[in-house]
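Student: Next comes the sequence, and after it the predicted model I'd like to discuss.
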Amino acid sequence: MSPAVELALRGSLLLVLLIGGARVARDATSLGELMAFLLYATYLVVPLASVLQGIGTVQKGMGAMQRVHEIGALPVEDDGGVARAGGTGDGAPVLEFRNVRFRYGDRPVLRGVSFAVPPCSHVALVGRSGAGKSTVFSLTERFYDPGGGSILFHGKEIVELSRADCRSRIALVDQNTPILHGSLRDNLCYTVPGAGTAEIERVVELVNLTELVDRLPLGLDTPVGERGNRLSGGECQRIAIARALLARAIARAAEECALLVIAHRLSTVRQAGRIVVLDAGKVVADGRHEELVEYSSYYRTLVLGGLRDGYSGNAKEIDVESTSVS
């Protein structure tokens, strides 16, 4: 709307000038009358522009309000399943996919995916874009239910658990690092406001933030600035990991919980105790990095062409309840 208003207002002044100039040249009017008319038109342009801009602002507000109403009218996710407290299958994998199939509309994404994440392990999912890695996480979070096959938490069917129960076992560290305005303590504890001092200190030590806390003038109560602009990128990332009770050194976190990682960074892949390779919704290889490089030509292609240092991925900590801080 703004370009149209500007064009109309400036164009009208130009039109007056052209027509008035032609009339002055033919002695049909005087130069003083033309200047007076242009002056009147100039004075009229400013309030007229304000009125039109106000109309545009009102239209923007109405459009935003319509979006708010549309979001409010979206169906609410039912909890699904039955919440069950305590009890885990001894020796059962923390997370297990058994021949899982899933499609978005008419587009199949997973075609019989099977793998397991044992307790206290580090498993990486790798594959080209569209292979189904993010869909695996969406199904684990129960944003969707599988179209076929089974997903199990500690040997229990995921559909038999409530969504709240499933998600209470999972913590997410995304490739984007959202740091909120407030203190370092606020950023660490906003998901668990009742966390005690001992729990906070344990997480700070786990993610190697002790040096940062000691350096800050107010320690944990030091403001981090808007979007964490007082911190380095690595420090922001460690704070995000601390929220999910993970460690920057992933191997240390794997000693306390099970990690399932969407890996795009070669260094992350090499650290994993097991790598599950997806292609077109199927598991095409499974093993350690050295083994896959030796016998999987598809994985070697990924390593040479797709897995590059400097591109971060997503990580989830599975079964946070198995740690002493839940």
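Tutor: Received, thanks.
Student: Residue 131 contacts residue 283, doesn't it?
Tutor: No. Residue 131 is beyond contact range of residue 283, at 9.9 Å (criterion: CB atoms under 8 Å). The way it works is simple: take the backbone N, C-alpha and C, and place the C-beta from them, glycine included.
Student: burial measure for residue 92, as a count.
Tutor: Residue 92 has 16 neighbours, counted by other CB atoms under 10 Å.
Student: can you count the residues close to residue 35?
Tutor: Residue 35, neighbours per other CB under 10 Å, totals 12.
Student: Quick check: which ranges of this protein have low pLDDT?
Tutor: Scanning the chain for pLDDT under 70 picks out 79-90, 173-177, 191-195, 207-208, 221, 225-238, 240-256, 263-268, 304-326.
Student: got the residue ranges for the strands in it?
Tutor: With DSSP state E, the ranges of strands along the chain come out as 95-104, 107-117, 122-126, 148-153, 156-157, 170-173, 258-262, 274-279, 282-287, 314-318.
Student: will you turn these into CSV that also has mean neighbour count and distance to residue 182?
Tutor: As requested, those are exported to CSV (neighbours: other CB atoms under 10 Å; distance: least, CB to CB, whole Å):
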stretch, mean neighbour count, distance to residue 182
strand 95-104, 18, 33
strand 107-117, 18, 34
strand 122-126, 26, 32
strand 148-153, 18, 33
strand 156-157, 14, 38
strand 170-173, 20, 19
strand 258-262, 24, 28
strand 274-279, 22, 38
strand 282-287, 17, 42
strand 314-318, 23, 23
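Student: Redo those strands as TSV? Include distance to residue 32.
Tutor: Formatted as TSV, those follow (distance: least, CB to CB, whole Å):
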stretch	distance to residue 32
strand 95-104	72
strand 107-117	73
strand 122-126	79
strand 148-153	85
strand 156-157	90
strand 170-173	73
strand 258-262	75
strand 274-279	80
strand 282-287	84
strand 314-318	72
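Student: Out of these, which gets nearest to residue 56?
Tutor: Nearest to residue 56, of all those, is strand 95-104, at 37.2 Å by CB to CB.
Student: Parallel or antiparallel, list what pairs with that closest one.
Tutor: In the sheet, strand 95-104 lines up against strand 107-117 (antiparallel), strand 148-153 (antiparallel) (DSSP bridges).
Student: Throw those strands into TSV and include distance to residue 18, thanks.
Tutor: Below are the strands paired with strand 95-104 laid out as TSV (distance: least, CB to CB, whole Å):
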stretch	distance to residue 18
strand 107-117	58
strand 148-153	72
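Student: how's the protein carved up into domains?
Tutor: Following automatic domain parsing, one finds the domains of the chain at 2-72, 81-326.
Student: Deepest in the core, which of these is it.
Tutor: With neighbours defined as mean count of other CB atoms under 10 Å, the domains of the chain peak in mean count at domain 81-326, which reaches a mean of 17.
Student: tell me the contacts of the nearest residue in space to residue 270 that is not next to it in sequence?
Tutor: Spatial nearest neighbour of residue 270, excluding adjacent residues (CB to CB, 6 or more residues apart in numbering): residue 289 at 4.9 Å. For residue 289, the contacting residues are 269-270, 272, 275, by CB atoms under 8 Å, 6 or more residues apart in numbering.
Student: What of residue 218?
Tutor: Applying CB under 8 Å, 6+ apart, the residues contacting residue 218 are residue 183.
Student: quick one: it from residue 69, how far?
Tutor: From residue 218 across to residue 69, the span is 43 Å (CB to CB, to the nearest Å).
Student: Which parts of the stretch 201-326 of the chain are helices?
Tutor: Using DSSP state H, counting those that start in this stretch, the helices of the stretch 201-326 of the chain run over residues 210-215, 233-243, 250-253, 266-271, 289-295, 297-305.
Student: which ones are touching the closest residue to residue 292 other than its chain neighbours?
Tutor: Closest residue to residue 292 in three dimensions, ignoring its sequence neighbours and counting by CB to CB, 6+ apart: residue 299, at 4.1 Å. Contacts for residue 299 were tallied using CB under 8 Å, 6+ apart; they are 126, 275, 277, 285, 292-293.
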